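>>> test case, fold it:
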Amino acid sequence: MNQLLLLTMLVPGAIEVQDGSLLVLKNSNKPVMSWTGSDITHIAIVVRKGGQPWVYEATPAKVRRLPLPTYWQELAELNTRRDPKTSVLLLRPKTSYETAQIATMKRYMDSQLGRRYSIKGYVRNKQSDGIHCAEFASSALARTGRFKFEDAHYSISPAEFYAQVKQRHQPPARLTFKRTVADDSWCSRSWKEWLGVSSWCSWACYESWTFCR
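Numbering: from 1, shown residues only. Reported below is the predicted structural model:
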């Protein structure tokens with residue numbers, strides 16, 4: 001069994017994140033936990049652009065890209081409202097990717113930005129117009145030539161993805177996030193929370209409608 005390196009995230013830059021590293025989220029989504037029977041609920045990929053680490057992920061409502069420090073802050077803020085708390089396993093490749101491999105991965109992920117997030121492919125085990133996190137991550141890694149996934153990997157879960165790739169990575173570092181004191185006013189925090197709920201409801205309604213087509 002791989003040894004877990006237990007870290008507390010105090011400063012976003014306190015740990016180096018290599019190109020092609022994976023962020024494996026645990027306890028981040030209760031419906032995913034219930035459906036898959038695993039506490040591994042989300043996958044994201046980190047690559048550098050302009051010397052800075054950026055996170056790519058497929059998440060409701062679409063595939064997005066954001067700076068890693070911003071991602072850490074989002075998780076810290078979300079953890080003020082979550083029980084159990086979300087934690088992250090950082091998987092760094094045992095062997096650094098070649099420049100061409102990273103470039104191929106980036107081209108694919110950039111081409112997917114804005115694509116609709118959907119679990120329809122996962123549920124029906126066939127390609128759909130949307131994409132979910134493990135499908136997105138496996139498609140990106142497959143383009144490096146290091147990993148072989150089934151041709152139809154639309155139904156791969158985050159836990160299954162993790163099981164398939166962890167041996168090709170260093171022992172995972174477990175990142176935890178301390179509760180931070182919010183500088184925002186109550187109105188600002190409430191507005192952000194309602195925007196989040198509204199976004200999830202809009203995605204869920206449209207996603208449900210696509211299953212009827």
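>>> leaving out the residues flanking it, which one is nearest to residue 18?
If the residues on either side of it in the chain are set aside, residue 18 comes closest to residue 92, at 4.9 Å by C-beta to C-beta, 6 or more residues apart in numbering. For glycine as for every other residue, the C-beta is placed from the backbone atoms N, C-alpha and C.
>>> so who does the one you found touch?
Contact partners of residue 92, counting by C-beta atoms under 8 Å, 6 or more residues apart in numbering, are 17-18, 21, 169-170, 173.
>>> ramachandran coordinates for it?
Main-chain torsions, residue 92, degrees, to the nearest 10: phi -100, psi 140.
>>> all strands of the chain, in order?
In the chain, the strands defined using DSSP state E lie at 5-9, 21-26, 40-49, 52-59, 62-67, 87-91, 173-177.
>>> doesn't residue 27 make contact with residue 82?
Yes. At 7.2 Å, residue 82 and residue 27 qualify as touching, with contact defined as C-beta atoms under 8 Å.
>>> output the lowest mean pLDDT helix or strand found in the chain.
Of all helical and strand segments in the chain, the minimum by mean pLDDT, DSSP states H and E falls on strand 5-9, at a mean of 42.
>>> ok, how many other residues are close to residue 19?
Applying other C-beta atoms under 10 Å, we find 20 residues neighbouring residue 19.
>>> report the separation between it and residue 82.
29 Å (C-beta to C-beta, to the nearest Å).
>>> just to revisit the earlier point, any chance of a markdown table for the contacts of residue 92, columns neighbour count and distance to residue 116?
Listed next are the contacts of residue 92 as a markdown table, based on neighbours: other C-beta atoms under 10 Å; distance: C-beta to C-beta, whole Å:
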| residue | neighbour count | distance to residue 116 |
| --- | --- | --- |
| 17 | 19 | 27 |
| 18 | 17 | 30 |
| 21 | 22 | 26 |
| 169 | 20 | 29 |
| 170 | 16 | 33 |
| 173 | 17 | 32 |
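>>> out of the residues you listed, who's nearest residue 70?
residue 17 (13.6 Å; C-beta to C-beta).
>>> can you pull out the helices in the chain?
30-36, 68-78, 99-112, 120-124, 133-142, 158-165, 186-210 (DSSP state H).
>>> give me the distance between the residue nearest to residue 18 and residue 23.
11 Å.
>>> what's the answer for residue 121, then?
Distance check for residue 121 against residue 23: by C-beta to C-beta, it reads 21 Å.
>>> ditto for residue 80
Taken as C-beta to C-beta, the span from residue 80 to residue 23 is 19 Å.
>>> more neighbours, these two?
Between residue 80 and residue 23, residue 23 has the larger neighbour count (other C-beta under 10 Å), namely 23 against 13.
>>> and that one, bridged to which residues?
Counting by DSSP bridges, residue 23 is bridged to residue 44, residue 90.
>>> domain ranges for this protein?
According to automatic domain parsing, the chain is divided into the following domains: 5-181, 184-213.
>>> mean neighbour count, the ones you listed: which tops it?
Burial of these is given as mean neighbour count (mean count of other C-beta atoms under 10 Å); domain 5-181 ranks first at a mean of 17.
>>> what's near enough to touch the residue nearest to residue 112 when sequence neighbours are not counted?
Nearest residue to residue 112 in three dimensions, chain neighbours excluded: residue 63, at 4.6 Å (C-beta to C-beta, 6+ apart). Neighbour list for residue 63: 56-57, 109, 112-115, 117, 131, 136 [criterion: C-beta under 8 Å, 6+ apart].
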